[in-house]
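Engineer: Below is the sequence, then the predicted model.
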Amino acid sequence: MARTAARSPRATRRAAPTQSPIQAFWQGITQLSAPSRVVILILIVAAALRFAALPGVSKEYDEGVYWQSLRAMAQGHALFSSVFSSQPPFFLLSLYPFYALLGQSLFAARLGVAVYSLVGLVAMYIAGRAIAGGWGGVIACGLLAVDPLYLRESHTLQAEAPSLAFAIVAVALAALSMRLTPQIGPWDDWEIALRRYRARRVTLALLSGLALGLGEMIKLWDIVAIIPAVLYLASPVYSSFQAPGEPTPAGAAPQTRLPVSVIIYEALTQRLRGVAPELLMFVAGIIIAVIATVAPFLNNFSQMYTQMVGFHLSAGQTSANGLSYNVGVILGGGSLYLTGVAAALAFVLALARGLTRNAEARRVRLAWRMAPPALWALASGILLLRQQPLFAHHVTLLAPPLALMAALALPLATGIVPQQARAGESIRQGRRRAKRTQAEQVAHPTGGTLATPGLTVAGVMVVIALIGAFIGFTADQAASQPLSGATLSMVQALDAFTAPSDLVVGDNQYVVALANRSTPPQLVDTSSVRIESGSLTAAQIESIILKDDVRYVLFASGRLQQAPGFAAWVQANFTEVANFGKGRALYLRRPSGPVLA
């Protein structure tokens, strides 16, 4: 009987029904914090908005360029030496697995862009939570998810969304390192906790550098994200955190009787030495990512530099657009107004909290948290003002820093400072203290009641997000429209007159790809910028046509006519086989063969 009784609990446990995967999943969801559950809902809505637009009609010339580039890569052509690419190599390399494994279609390539954009949203939540608490992270993630510019780029085959996703990841990892403190486990001593803390900070710094380096190898403009990343990694220099045994100016003065300037200098020097390993690992991560990405192309370094850097320098020199034009591009479309209003509101609140004379309402340290994202936004704006030529999709660069600025609006409005674990306490103790402190602040808020400014700010953010979601839904409906009659007629003509193996030189690579035809890899980009900058001449186009035995030329957008002499050369050596009006026509090379002009 005793043995039976001893086995009965074990037998009972074996007999107990196990949870199904769905039940376990929902139980895990219910155990998450309220902000985390809201973010999951935001991600579901964001994914729906993006995936619904993936099959849509392209409205960006660049999509055809990158689609043809991926087709050329799938056919075995190498970047730079064969395939012209004005972007760093990791852009096309990061999308190629999606393209190659999911059907080699524009939909597959766009899906890769959408996935990266969702990664950026998760990283934005993490960054916002690190500097502004859970609900601040929700605001940042929600605003970026429905920002009209970021949303449009999230389902467009361009470099903006993938590059920004990596930049946001880099900033989020750096912000996480800022929130770390030494934490004591049940059997740890202080030295072990301190070593673990430093190892975690160094690891996060390395990962942040790797992410930023990969982002720069997608689009060089990610360099501006180095500002918030470095500021967050160097936060022990200027924050209130004090490592054990580290002297403070207040404590050192009575002992040394040194001038205040000397005390401050020594304290800053010591703290800079403390963060030097993190900053060095951050730089090392960037260098490792850049070298790893560029190394396969070192044999063609001169071509890579010419296409990736020299082309943009030449384009900037030939562009006639000035500062006023760039300001008009940034402000004219109105796409940034929603996120911009939220960021401006948070910035005004930061100024009010930092400059108010009311001691109870003043939150100087909280206001200073606005500095890294604000400087990130400022650097991005300066870069855009200097960009030549500037296009509307470039303005997406401002969306992430503005969303991160907006994350601080709620804590700045309520005066409730997001809690950070204290040095020496366990993780569980820190969580209990944070909940207790927040409950006390909600019950007895200082610097304003939670029911007025906090709910007002939250309401404003919800309204902005709803407007953005409506704009995104409307854009998805517009993208689902069928092809225009002219585009459809050109696709049908290419299908009728050309064979699948024929190469087609054209100035609308999207139309050529829709007909399942490829362009010569050197001519995947025949943009006006490339022609006007002198990077692509009529003689070069003619030489490629002869070398690759191209039989068809499609004038579809007027770009190729901008190459002096090329249209006349085609007229002299090709026969028009289809006319689509307004200068658009398909030409077939005459059997006798052309002669270089």
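Structural biologist: All right, it came through fine.
Engineer: Give the rounded mean pLDDT of stretch 339-352.
Structural biologist: Stretch 339-352 shows a mean pLDDT of 92.
Engineer: what do you get for stretch 382-392?
Structural biologist: Taken as a whole, stretch 382-392 has a mean pLDDT of 91.
Engineer: do stretch 146-159 as well
Structural biologist: 93.
Engineer: What of stretch 231-242?
Structural biologist: For stretch 231-242, mean pLDDT is 73.
Engineer: cool, stretch 87-105 as well?
Structural biologist: Mean predicted confidence for stretch 87-105 is 96.
Engineer: Over to stretch 589-597?
Structural biologist: On average, stretch 589-597 scores 66.
Engineer: State the three-state secondary structure for Ser208.
Structural biologist: At Ser208 the chain is in helix, as set by DSSP: H, G, I helix; E, B strand; the rest coil.
Engineer: got the contact list for it?
Structural biologist: Applying Cβ atoms under 8 Å, 6 or more residues apart in numbering to Ser208 gives the contacts Val169, Ala170, Val171, Leu173, Ala174, Ser177, Ala229, Leu233, Phe282, Gly285. The C-beta positions use only the backbone N, C-alpha and C, and glycine is treated the same way.
Engineer: Those into CSV, with extra columns for distance to Gln307?
Structural biologist: Formatted as CSV, these follow (distance: Cβ to Cβ, whole Å):
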residue, distance to Gln307
Val169, 26
Ala170, 25
Val171, 29
Leu173, 31
Ala174, 31
Ser177, 36
Ala229, 28
Leu233, 33
Phe282, 29
Gly285, 26
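Engineer: Distance of the most centrally placed residue in the chain relative to Phe301?
Structural biologist: Nearest to the mean C-alpha position of the chain, by Cα atoms, centre = their mean, lies Leu164 at 1.6 Å. Distance, Leu164 to Phe301, by Cβ to Cβ, to the nearest Å: 27 Å.
Engineer: right, and the helix or strand after the longest helix anywhere in the chain?
Structural biologist: For the chain, the longest helix by residue count, based on DSSP state H, is helix 106-146. Counting by DSSP states H and E, the element after helix 106-146 in chain order, helix or strand, is helix 148-153.
Engineer: With only the CA atoms kept, save that next one in CSV.
Structural biologist: Output of helix 148-153 as CSV, limited to C-alpha atoms (Å, rounded to 0.1, in the frame of the first residue of the first chain):
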residue,chain,number,x,y,z
PRO,A,148,3.3,56.6,-44.7
LEU,A,149,6.9,56.8,-46.0
TYR,A,150,8.2,53.8,-44.0
LEU,A,151,5.1,51.8,-44.9
ARG,A,152,5.5,52.5,-48.6
GLU,A,153,9.2,51.5,-48.6
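Engineer: picking up where we left off before, so which of the contacts of Ser208 belong to helices?
Structural biologist: Per DSSP H, the contacts of Ser208 map to helices at Val169, Ala170, Val171, Leu173, Ala174, Ser177, Ala229, Leu233, Phe282, Gly285.
Engineer: From Gly285, how far off is the first one?
Structural biologist: Going back to what we said before, that points to Val169. Taking Cβ to Cβ, one finds Val169 at 12 Å from Gly285.
Engineer: Comparing those two, which residue is more hemmed in?
Structural biologist: More neighbours surround Val169 than the other of Val169 and Gly285, with 26 against 22 (other Cβ atoms under 10 Å).
Engineer: need the contact list for that one.
Structural biologist: Taking Cβ under 8 Å, 6+ apart, one finds Val119, Gly120, Ala123, Ser208, Ala211, Gly215 in contact with Val169.
Engineer: I'd like to know which elements the lengthiest strand in the chain is packed against.
Structural biologist: Looking across the chain with DSSP state E, the single longest strand is strand 574-581. If you count contacts as 3 or more Cβ pairs under 8 Å, 6 or more residues apart in numbering; DSSP states H and E, strand 574-581 packs onto helix 485-497, strand 584-589.
Engineer: Save the ones you listed as JSON lines, and put in distance to Leu560 too.
Structural biologist: JSON lines is the format used below for these (distance: least, Cβ to Cβ, whole Å):
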{"stretch": "helix 485-497", "distance to Leu560": "14"}
{"stretch": "strand 584-589", "distance to Leu560": "11"}
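Engineer: Please produce JSON lines containing these, extended by mean neighbour count.
Structural biologist: What follows is the helices and strands packed on strand 574-581, written out as JSON lines (neighbours: other Cβ atoms under 10 Å):
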{"stretch": "helix 485-497", "mean neighbour count": "17"}
{"stretch": "strand 584-589", "mean neighbour count": "20"}
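Engineer: closest one to Leu546 among these?
Structural biologist: Closest approach to Leu546 among the helices and strands packed on strand 574-581 is made by strand 584-589 (9.6 Å; Cβ to Cβ).
Engineer: ok, the closest one: who's next to it in the sheet?
Structural biologist: Strand 584-589 sits in its sheet next to strand 552-555 (antiparallel), strand 574-581 (antiparallel), going by DSSP bridges.
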